[in-house]
Structure formats: C-alpha cells, structure tokens
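In: give the three-dimensional model of this entry:
(one chain, ligands or ions: 2)
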Amino acid sequence: MSPTDAFAPAKVNLALHVTGQRADGYHLLDSLVVFADVGDRVRVTEARAMALTVTGPRAAGVPADARNLCWKASEWFGESVSIVLEKHLPAAAGIGGGSSDAAATLRAVADLRGRPVPSEGLERLGADVPVCMVGHAARMAGIGDVVHPLPPLALHAVLVNPGVDVSTPAVFKALTQKTNPPMAEMPAAAGGAGGFVDWLAAQRNDLQVPAVALQPVIGHVLAALEASPGARLVRMSGSGATCFALYDDSAEAEAAADGLRALHADWWVEPCTLR
Ligand SMILES: C[C@](O)(CO)[C@H](O)COP(=O)(O)OP(=O)(O)OC[C@H]1O[C@@H](n2ccc(N)nc2=O)[C@H](O)[C@@H]1O
Ligand SMILES: Nc1ncnc2c1ncn2[C@@H]1O[C@H](COP(=O)(O)OP(=O)(O)OP(=O)(O)O)[C@@H](O)[C@H]1O
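Out: Ligands and ions are numbered 1, 2, ... in the order given. Below you'll find the predicted structure:
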C-alpha cells in the first residue's frame, strides 16, 4: 500500500487567557487558535511493528522512539505503522509541534487504515491535540478538550523563535494569577475586517509575562517584532518562546522577516499565512 502524507501546521495562539485551575492542576483556557502554512510533514506506511525516523532541519533533539507524540498517537489509535517525521518547527516552542505532529499522524493513519479517528480522549495525548485536529481557526476552552471551529481566517504574519526551549509546565507554574477574565466576545466578521485586529489587541496571552520572566530573550523578540515596519499586533504564542506579529499584507510580512533575519541570523524567522 502506498504511503500517506499529512501536513502538521504550526499552531498559533492569537490570544490565550488562563481562566482557572482544576483540582488536578491543569489550567482552564480560553484561546483563539489558528494554523500556519509552515509546519512539519508526516509520512505513514504499513508495518507490522511501530517504527519512527525523524528527519529534516529541526530533527536534532527530537526523540525518535516511543516518547515521540507521533508514536504515542499511533499507539493510542491502536495501529502499528512506520512513520517518517520531517521536522521544520522548533520543539518546545509554544507552536504545538508535538501536538500538531500527533494530529497529522492520526489523520494519516486514519486514511491508511480506513478508520475514523475517535473524537474522545484526544487531549490525553496533549492539550493541543483536539484543536490541531481542526487545523484552522478555532476557539479552544476547557483544558484544550473543548473546541469550537470558526470560519478560517487569512492573516499575514511572521513567526520568530529565538532558539531557547521553554517548558510548558514551568511557565504555568510561574503564573501567579490563575483566574483571569475570558476573551471578550469576538466580532462576527473576524476574517480580514480591520476591527478584528483592534479586538485582538484588547485580548492577552496570560502566559507571556511568566515566560518572559523565565526566558528574558522573549522580551527581545517581542521588541524586535514591534520595531518591524507594518507590525499591527505583536504577542507570544502558547507558553513561548515563539512570538508572532500580524501585518496588513504578505509583502509587509516578507519584508519584516527579511529585516529580522538580517539582524538576528540565529533566530528562526518564518513569514506565513495564518488560517
Ligand atoms: C499552553 C498551550 O500551548 C496552549 O495552546 C497548551 O495548552 C499546551 O499544550 P500541550 O503542550 O499539548 O500540553 P500538554 O503536553 O498536555 O501539557 C503539558 C503541561 O502543561 C500544563 N498544562 C497544559 C494544558 C493545560 N490546559 N493546563 C496545564 O496546566 C501541565 O503542567 C501539563 O503537564
Ligand atoms: N513530534 C515531536 N516534535 C517535537 N517534540 C516532541 C515530539 N514528540 C515529543 N516531543 C517532546 O516534547 C517536548 C515539547 O515539544 P513541543 O514541540 O510539543 O512543544 P510545546 O512547546 O509543548 O508545544 P505547545 O506548548 O505549543 O503545545 C519536546 O521537548 C520533545 O522532547
């Protein structure tokens, strides 16, 4: 049987409000999540036993065994397959690399084996896996297990990661105020409307302050994005360290990315469209 490929887009939290904490320690979230046209690639082929190879420019340090979210996703689905994961996204970066890879693996295995992916319990693989199964704009609530798909957006953006790993549990632990207001009601016509960026600017990422305290270089990334010509809104995604800026068009985003790469050759800088 021929292999099945799936794209694992970067996940970006345009806003991420932490609204409470459950008795088991997990935090309640209210987040507007979108997906980029940059990401990892997953290729799945028939096999008797699980196998995984990690390739690509960002393979270094990513586990190529049962610790990998691709492997865990196949096991959770009850299917043994051979997987090639081509890593392009930085790991431990707040853009859901592992969760998006898991969702892509589930889609590919479902195609290969002709079985639907069970919808229950996906969040046990990772809090971002349910939203990553949607793959376009969605509002995420609960601990990540409640997902309301929204009409896809088309936002021009630049993603920047300064190359420091950030531990998601450490950032949640450093958050002092666990109960914060949810997002304000979203404007009806989010896509493209000028009012959307104004609305978004009034929302927050509650993990940004604790992440900057743990990794001050994130503050430099935010400042560099703020200084890029045409940046309409600048914020951190997830638990960091990746930050994004939004621009009015793709030419502005490309130009901003060129400028950032010239100044910071060691940063991961990707112009993209967020949907
Ligand atoms: C911060 C976000 O990136 C926002 O999209 C996600 O909620 C994190 O998603 P993820 O990396 O897939 O998260 P998981 O691997 O499930 O959890 C990592 C750790 O983050 C903390 N965690 C995660 C999700 C959540 N709602 N509350 C939490 O407190 C927990 O300490 C957990 O042990
Ligand atoms: N497929 C994978 N890609 C990257 N890292 C993986 C993968 N599977 C397991 N890991 C492990 O998970 C850790 C977290 O990586 P990941 O890229 O999922 O980041 P994250 O910051 O938790 O994402 P987010 O918080 O946005 O969901 C890595 O340090 C790595 O050891």
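In: give me the number of residues near P116?
Out: 8 (other C-beta atoms under 10 Å). Yep, even glycine has a C-beta here, placed from its N, CA and C like the rest.
In: does it touch R107 like I think?
Out: No: counting by C-beta atoms under 8 Å, P116 does not reach R107; the two are 10.5 Å apart.
In: who's in contact with the residue in the stretch 51-200 of the chain positioned nearest to ligand 1?
Out: The stretch 51-200 of the chain approaches ligand 1 most closely through G126 (3.1 Å), counting by C-beta to the nearest ligand atom. G126 is in contact with 69, 96, 98-99, 102, 144, counting by C-beta atoms under 8 Å, 6 or more residues apart in numbering.
In: okay, the residues you listed in a markdown table with neighbour count, distance to ligand 1 and secondary structure next?
Out: Formatted as a markdown table, the contacts of G126 follow (neighbours: other C-beta atoms under 10 Å; distance: C-beta to the nearest ligand atom, whole Å; DSSP: H, G, I helix; E, B strand; the rest coil):
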| residue | neighbour count | distance to ligand 1 | secondary structure |
| --- | --- | --- | --- |
| L69 | 26 | 8 | helix |
| G96 | 30 | 6 | coil |
| G98 | 26 | 7 | helix |
| S99 | 26 | 4 | helix |
| A102 | 29 | 9 | helix |
| G144 | 23 | 5 | coil |
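In: including distance to ligand 2 and pLDDT, could those residues go into TSV?
Out: Listed next are the contacts of G126 as TSV, based on distance: C-beta to the nearest ligand atom, whole Å; pLDDT from 0 to 100:
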residue	distance to ligand 2	pLDDT
L69	4	98
G96	4	93
G98	3	96
S99	5	97
A102	7	98
G144	9	97
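In: make TSV out of the residues you listed and add distance to C243.
Out: Formatted as TSV, the contacts of G126 follow (distance: C-beta to C-beta, whole Å):
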residue	distance to C243
L69	23
G96	15
G98	19
S99	19
A102	24
G144	21
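In: and the host helix or strand of V234, what does it pack against?
Out: V234 belongs to strand 233-236 when assigned by DSSP states H and E. If you count contacts as 3 or more C-beta pairs under 8 Å, 6 or more residues apart in numbering; DSSP states H and E, strand 233-236 packs onto helix 194-201, helix 208-214, helix 217-226, strand 243-247.
In: let's see that with 10 Å instead.
Out: Here strand 233-236 touches strand 4-21, strand 155-161, helix 194-201, helix 208-214, helix 217-226, strand 243-247, going by 3 or more C-beta pairs under 10 Å, 6 or more residues apart in numbering; DSSP states H and E.
In: rank the ones you listed by pLDDT, which is bottom?
Out: For the helices and strands packed on strand 233-236, mean pLDDT drops lowest on helix 194-201, to a mean of 91.
In: quick one: it to chain centroid distance?
Out: Centroid displacement of helix 194-201 relative to its chain, using C-alpha atoms, centre = their mean, to the nearest Å, is 21 Å.
In: who touches that helix?
Out: Here helix 194-201 makes contact (C-beta atoms under 10 Å, 6 or more residues apart in numbering) with 14-15, 32, 153, 155, 183-190, 193, 232-235, 246, 248.
In: list only those of these flagged as buried.
Out: 14-15, 32, 153, 155, 183, 190, 232-235, 246 (16 or more other C-beta atoms under 10 Å).
In: pull up the residues of the stretch 151-275 of the chain that are close to ligand 1.
Out: 168-169, 172, 238-239 (C-beta under 6 Å from any ligand atom).
In: buried residues in the top strand by length along the chain, which are they?
Out: If each strand of the chain is counted by residues according to DSSP state E, the longest one is strand 27-46. The neighbour-count check on strand 27-46 (16+ other C-beta under 10 Å) flags 27-36, 38-44 as buried.
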